[in-house]
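Chemist: how does the following fold in three dimensions:
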Amino acid sequence: MARRVVNWPIWLSVPLAVATLYSYPFVFVRWPVTRDVPWVNLLLGATAVTLAITGVRRSFGRGWMAKTAGVVAAAATVAAVGLFVYKVLVLARELPASAHAPNVGQQAPEFTLADLNNQPVSLTSLRTTPLEGSRTPRGVLLIFYRGYW
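Modeler: Residues are numbered from 1 along each chain as shown. From the prediction side, this is the model:
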């Protein structure tokens, strides 16, 4: 009787692809080094796809059932990794349109925030306070930082 050989690369690629898809939102999104550029998940995905390709190549030396299972597992791997790449690198970068956002050059709406000393500072107070030795009010440059402090 012929010895049955398990095609381990193809079967290892599927859980690795699932780990690629789900480890980012549940684990790696917590740290800026892996949140801003998901390099760990991209490496996991590349490894999963490489294992899937290796497994498909190995399965073509066997019967039709092994070939079919190998192709289905490889398709699931590529779909999971592709979904991760699309979700994190494409969808996350799209910003929704805002109907109330000011246009470029338009005056910013009034707001008040706390400064470093936890004192309230309003946009109007920054605009109307002249610089030392000057009579004209100063301009204000607003910088919105999306990152985490």
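Chemist: CA atoms for contacts and neighbours, from now on please.
Modeler: Will do.
Chemist: residue 84: neighbour count?
Modeler: 21 (other Cα atoms under 10 Å).
Chemist: lowest-pLDDT helix or strand in this protein?
Modeler: Least confident helix or strand of the chain, by mean pLDDT, DSSP states H and E, is helix 123-128 with a mean of 82.
Chemist: mind listing what's buried in that one?
Modeler: Going by neighbour count (16 or more other Cα atoms under 10 Å), nothing in helix 123-128 comes out as buried.
Chemist: which elements pack onto it?
Modeler: Contacts defined by 3 or more Cα pairs under 8 Å, 6 or more residues apart in numbering; DSSP states H and E place helix 123-128 against no helix or strand at all.
Chemist: what comes into contact with stretch 28-45?
Modeler: By Cα atoms under 8 Å, 6 or more residues apart in numbering, the surrounding residues in contact with stretch 28-45 are 16, 17, 19, 20, 21, 23, 24, 81, 85, 148.
Chemist: show me what contacts the residue nearest to the spatial centre of the chain?
Modeler: Geometric centre of the chain, nearest residue: residue 88, 3.5 Å, by Cα atoms, centre = their mean. Taking Cα under 8 Å, 6+ apart as the definition of contact, residue 88 has no neighbours.
Chemist: quick check: pLDDT value at it.
Modeler: You'll see residue 88 listed with a pLDDT of 86.
Chemist: likewise residue 21?
Modeler: pLDDT, read off for residue 21, is 91.
Chemist: next: residue 133.
Modeler: Note for residue 133: predicted pLDDT of 66.
Chemist: and residue 146, by the same measure?
Modeler: 64.
Chemist: can you check residue 101 too?
Modeler: 80.
Chemist: count residues in the vicinity of residue 51, would you?
Modeler: Number of residues near residue 51 (other Cα under 10 Å) recorded here: 22.
Chemist: sorry, back to before: where's the residue nearest to the centre of the chain relative to residue 75, distance?
Modeler: 20 Å (Cα to Cα, to the nearest Å).
Chemist: and stretch 46-60, how far out from the chain's middle?
Modeler: Distance of stretch 46-60 from its chain centroid, counting by Cα atoms, centre = their mean, to the nearest Å, is 25 Å.
Chemist: in that stretch, what counts as buried?
Modeler: Neighbour-count burial for stretch 46-60 flags 46-56, 58-59 (criterion: 16+ other Cα under 10 Å).
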